[in-house]
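K.L.:
sharing a sequence plus its predicted fold:
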Amino acid sequence: MAEERVVGIDLGTTNSLVAYLEGETPVVIPGEDGERLVPSVVAVTADGVVVGNGARGTLLADSANAVYSAKRLMGRDLADVQDELKLFPFRLAEDLQPGEVLRLQVGGLTLTPPEISAYVLQQLKRNAERFFGGPVTKAVITVPAYFNDAQRQATKDAGRIAGLEVLRLVNEPTAAALAYGLDKSKDGVIVVYDFGGGTFDVSILKLHDGIFEVIATGGDTHLGGDDIDNLLIAIALDDIAGDLGEDVRHNGEVVQAVRKAVIEAKIQLSQATTARLELTLPSGRRYLREISREQFEQLIAGVIARTAGPCRQALKDAGIRVEQIDEVVLVGGSTRIPAVRRLVDELFSLSARGKQPHTELNPDEVVALGAAVQARILAGGAGAGSALEDLLLLDVTPLSLGIEALGGVVAKIIQRNSTIPASATEHFTTGVDGQTNVAIHVVQGERELAKDCRSLARFDLKGIPPMMAGMPRIEVKFLIDANGILHVSAREQRSGKEAEIDVKPTYGLSDEQVEAMILASFDHAEDDIRERQLIEAKNEAETILTAVEKGRAHESWQQLTAEETAAVAAAELALKQLMLQTDYKAIRKGIDALDQATRRFAELMMDSAVTGAMKGKTMESAGDAMGDGPTAPHPFAKAQIDDAATGS
Amino acid sequence: MTYFEVFSLPRKLSIDVAALEKQFYALSRRWHPDRFAARPQAEQEAALAQASLLNDAYRTLRDPVLRTQYLLRLLGVELEEQSKAATEAARASGTEKKQSVPPELLEEVFELNMQLAEMRAARQMGEDEPELRRDLLSAKDAFESKLDATDEELQQLWRVWDAAEDEGAQPAQTSARDAMVTLLNKRTYLRNLVRDVNEALESESGTQHHEI
């Protein structure tokens, strides 16, 4: 039997990667375009859903049809994303209700964040399948260590929707440690500082004989390079509004062009001491600004300083002093920023102790490489004698699990930084005689009051045998699995009856919803796109048919030969027949044929028109000026008129 | 299966933590779900149950206080003042949790409460009282060293309890058990005092609650 291929996937905020283990070396699998990074951008275009570099073009040309940084929305609720909505061009579905899984409008489709992520995952799956020349159905997917239960569940759902069995969710910093630790059998304490596009994580691990034991983790799932970009974008947009008097804040395409420019400048500033922000505005004017590294560092100081708190807390939780840290590993593109490196150096007093952080592995790739190692371990491919045989990850839950008790306070049942899988057993009883239901509210977080924590789920223990108040003894077992996802089971101990639990996740898709998305998603998306294409094609066909109809009354029509008019009539009839069917591609061909057949007529008409008052007008206004004149869509004609217009 | 049985340990309180860790790693290699990812569903579920029991057991036994509390619970002792039920009941009724002050601490606690009240009053007036602050800090140090001392005392009681277990000396074991209950309650009390002082000192900067 051929060895089953399990790939490792880094599903990032900005970029995503897929990797596998070649022999004992993890390798990133490139896409068809040869690129190793697949931008986590999804666009809905005329050709269907496009992911990655191809989608980036749509973002610049037609921003309403593309979405990026969707990872920021995973497992979140309307109330959580208000800040996000101000800074990112997410278009929520209009009928969205609070408490519901978010739905976004992307082009003609309405997609949940797990579905958007599923498109990215499916692209990676295709890349791997193309590379291997065979199917890939299993994967390890990485998540920020500080992701909560809902965010993890959403990631797992995305995998299922994409047709991948997710063998394990691995925490990103842990994966990075695995990638680094592979060829080093050294024991010691290592810190992974992972500052990516949208999230920040810090993990402290103890390495011991091939066991990677996480002892504490901390982070912020809303802190990353995106936040730095947004600061720069805000400045540029203000400049443009103030100095140039052009308010382009609501022009999606221009904002995306600004975003692209500031990211380029940000990257430059990691090497150079100055960078130019340069861009042509819709008015044709150019916006130019020089940024020095010093200015840049002042600007971002606040953002990067926010990574210090989680680091100090993780050290405290781990009971580790800075002097005990042997190695620091830098992960994520934002760790290329010199100011970030200085902060890390200070936080862990590295140069003071004659140490340097590890940057040997590409910070954009290291997480995927580690995921590939874990994929092989899980696939059981780490046979005897393999260097992987003794490798084992022991990870922790980043947030405390609690239940809401009387008065809205939280009774913690599993403390944060507990090694997973972890469990806790709690006993519940009734407060009223004959009561048969008990409601339980499970939350995640460190705060004292349930309302300040993340609501995970509400359970209803049902079918409790009617007894005197306080008599039933219901044992509820809470289990956090190795993915960091909660499972609950319950039993009434006096009757021995399994209490029925209706688990209603507070945020997230139900199993049925995920199933429906798996079955329908991609075909459905194709259907939706096809339908939109059909409507658009029919509209265009109507337009050209009307134009031809009108054209017959135009004087230029008389200059056509008998063959030419016959050809037009034939093409016209063919198109009308095609419009009765649902094949938009055939209709488009019909439009093209009619277009060809009327080309000479359009040229004749144009000649007669251009001699008139046409100069300096756009095609659209030219159409208006022509009154009843035809408006058949001839691309070349339009381009010419545009050229004339811009020249004036 | 008790947490002691998970590690094939006798039901005793003195544990070699380094050896426990070693065994924890060895058992993790055997039971961690990663080792079963390619196995049938039933085996995966069994491993999940085993691994979570192992982790719960290790987390409890490696910590001196959690370990003692766990053993006392196995013995049927309800540490009322530390129990969640008592905390909840107190919170629900909006009262302070009933806590009997350990007699030997009465005098110091009285004085501390005076200082805390003064501190709060001063803060309401928007005044800083450097002298009071110093007093509170030294009180905190004193309570912290008492807290450290309870750890020593606890270990002595472990030895008494373990020896009595070996000899089957019932009365000696019972008195060691009761002494541990008293000690743990005192410890909780001290810890709360330190926490209160910290809060009083910290809340000046307006940060009573930390997200993380």
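P.N.:
Yep, it's here.

K.L.:
which bits of the stretch 201-350 of chain A sit near chain B?
P.N.:
Selection of the stretch 201-350 of chain A residues close to chain B by Cβ under 8 Å from any Cβ of the partner chain yields A:208, A:209, A:211, A:218, A:309, A:310, A:313. C-beta coordinates here come from the backbone N, C-alpha and C atoms, glycine included.

K.L.:
which of those fall within helices?
P.N.:
Judged by DSSP state H, these include A:309, A:310, A:313 as members of helices.

K.L.:
a markdown table for those, including pLDDT and neighbour count?
P.N.:
Output for these, formatted as a markdown table (pLDDT from 0 to 100; neighbours: other Cβ atoms under 10 Å in any protein chain shown):
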| residue | pLDDT | neighbour count |
| --- | --- | --- |
| A:309 | 93 | 16 |
| A:310 | 94 | 21 |
| A:313 | 93 | 20 |
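
K.L.:
list just the nearest of those residues to chain B.
P.N.:
residue A:313 (4.7 Å; Cβ to the nearest Cβ).

K.L.:
wait, doesn't the closest one sit right on residue A:218?
P.N.:
Yes. In this structure, residue A:313 is within contact of residue A:218 by Cβ atoms under 8 Å, at 5.0 Å.

K.L.:
the residue nearest in space to the middle of chain A - nearest residue in space that isn't next to it in sequence?
P.N.:
Geometric centre of chain A, nearest residue: residue A:70, 3.3 Å, by Cα atoms, centre = their mean. Nearest non-adjacent residue to residue A:70, counting by Cβ to Cβ, 6 or more residues apart in numbering or on different chains: residue A:116, 4.2 Å away.

K.L.:
how many residues are close by that neighbour?
P.N.:
For residue A:116, the count of nearby residues is 28 (other Cβ atoms under 10 Å in any protein chain shown).

K.L.:
ok, residue B:145 next?
P.N.:
Applying other Cβ under 10 Å, we find 10 residues neighbouring residue B:145.

K.L.:
so it versus residue A:361, what's the distance?
P.N.:
Distance of residue B:145 to residue A:361, given as Cβ to Cβ, to the nearest Å: 47 Å.

K.L.:
grab the nearest non-local neighbour of the residue of the stretch 451-600 of chain A found nearest chain B.
P.N.:
At 4.4 Å from chain B, residue A:482 is the closest residue in the stretch 451-600 of chain A, using Cβ to the nearest Cβ. Distances taken as Cβ to Cβ, 6+ apart put residue B:33 closest to residue A:482, at 4.4 Å, once the chain neighbours are dropped.

K.L.:
just the pLDDT for the one you found.
P.N.:
As predicted, residue B:33 sits at a pLDDT of 94.

K.L.:
am I right that it is in contact with residue B:51?
P.N.:
Yes. If you go by Cβ under 8 Å, residue B:33 and residue B:51 touch, sitting 5.7 Å apart.

K.L.:
overlap in contacts, these two.
P.N.:
By the contact definition Cβ atoms under 8 Å, 6 or more residues apart in numbering or on different chains, residue B:33 and residue B:51 are jointly contacted by A:421, A:482.

K.L.:
more crowded one of these two?
P.N.:
Remark: of residue B:33 and residue B:51, residue B:51 carries more neighbours, 27 against 23, as counted by other Cβ under 10 Å.

K.L.:
helices or strands up against the strand or helix carrying the more buried one?
P.N.:
Applying DSSP states H and E as the criterion places residue B:51 in helix B:41-61. When contacts are defined as 3 or more Cβ pairs under 8 Å, 6 or more residues apart in numbering or on different chains; DSSP states H and E, helix B:41-61 packs onto strand A:422-428, strand A:474-480, helix B:3-6, helix B:17-31, helix B:64-74.

K.L.:
if we go to 10 Å?
P.N.:
strand A:392-394, strand A:422-428, strand A:474-480, helix B:3-6, helix B:17-31, helix B:64-74 (3 or more Cβ pairs under 10 Å, 6 or more residues apart in numbering or on different chains; DSSP states H and E).

K.L.:
export the ones you listed to JSON lines and tack on distance to residue A:277?
P.N.:
Output for the helices and strands packed on helix B:41-61, formatted as JSON lines (distance: least, Cβ to Cβ, whole Å):
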{"stretch": "strand A:392-394", "distance to residue A:277": "42"}
{"stretch": "strand A:422-428", "distance to residue A:277": "49"}
{"stretch": "strand A:474-480", "distance to residue A:277": "46"}
{"stretch": "helix B:3-6", "distance to residue A:277": "61"}
{"stretch": "helix B:17-31", "distance to residue A:277": "52"}
{"stretch": "helix B:64-74", "distance to residue A:277": "56"}
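
K.L.:
which of the ones you listed sits most buried?
P.N.:
Of the helices and strands packed on helix B:41-61, the one with the most neighbours on average (mean count of other Cβ atoms under 10 Å in any protein chain shown) is strand A:392-394, at a mean of 22.

K.L.:
for residue A:232, which non-adjacent residue is closest in space?
P.N.:
Nearest-residue entry for residue A:232: residue A:262, 3.8 Å, with adjacent residues in sequence omitted and distances by Cβ to Cβ, 6+ apart.

K.L.:
in the strand or helix carrying the one you found, what counts as buried?
P.N.:
Assigned by DSSP H and E, residue A:262 falls within helix A:252-268. Of all the residues in helix A:252-268, those buried under the rule 16 or more other Cβ atoms under 10 Å in any protein chain shown are A:252, A:254-259, A:261-263, A:265-266, A:268.

K.L.:
again, but for stretch A:266-276
P.N.:
For stretch A:266-276, by 16+ other Cβ under 10 Å, it's A:266, A:268, A:269, A:270, A:275.

K.L.:
centre of the chain versus stretch A:454-472, how much separation?
P.N.:
In terms of Cα atoms, centre = their mean, to the nearest Å, the centre of stretch A:454-472 is found 38 Å from the chain centre.

K.L.:
end to end, how far does it reach?
P.N.:
End-to-end distance of stretch A:454-472 (Cα to Cα, to the nearest Å): 29 Å.

K.L.:
just give me the longest helix of the chain.
P.N.:
Since you didn't name a chain, this refers to chain A. helix A:511-551.

K.L.:
please refer instead to chain B.
P.N.:
Identified as the longest helix of chain B according to DSSP H is helix B:130-167.

K.L.:
let me know the angle separating that helix from helix B:64-74.
P.N.:
Orientation of helix B:130-167 against helix B:64-74 (axes from the mean of the first three to the mean of the last three Cα atoms, to 10 degrees) gives an angle of 50 degrees.

K.L.:
so where's the chain uncertain?
P.N.:
Because you didn't say which chain, this covers chain A. Residue ranges of chain A with pLDDT under 70: A:1-4, A:182-185, A:381-387, A:498-507, A:518-529, A:609-648.

K.L.:
um, chain B though
P.N.:
Applying pLDDT under 70 to chain B picks out residues B:79-100, B:203-212.

K.L.:
noted, bye for now.
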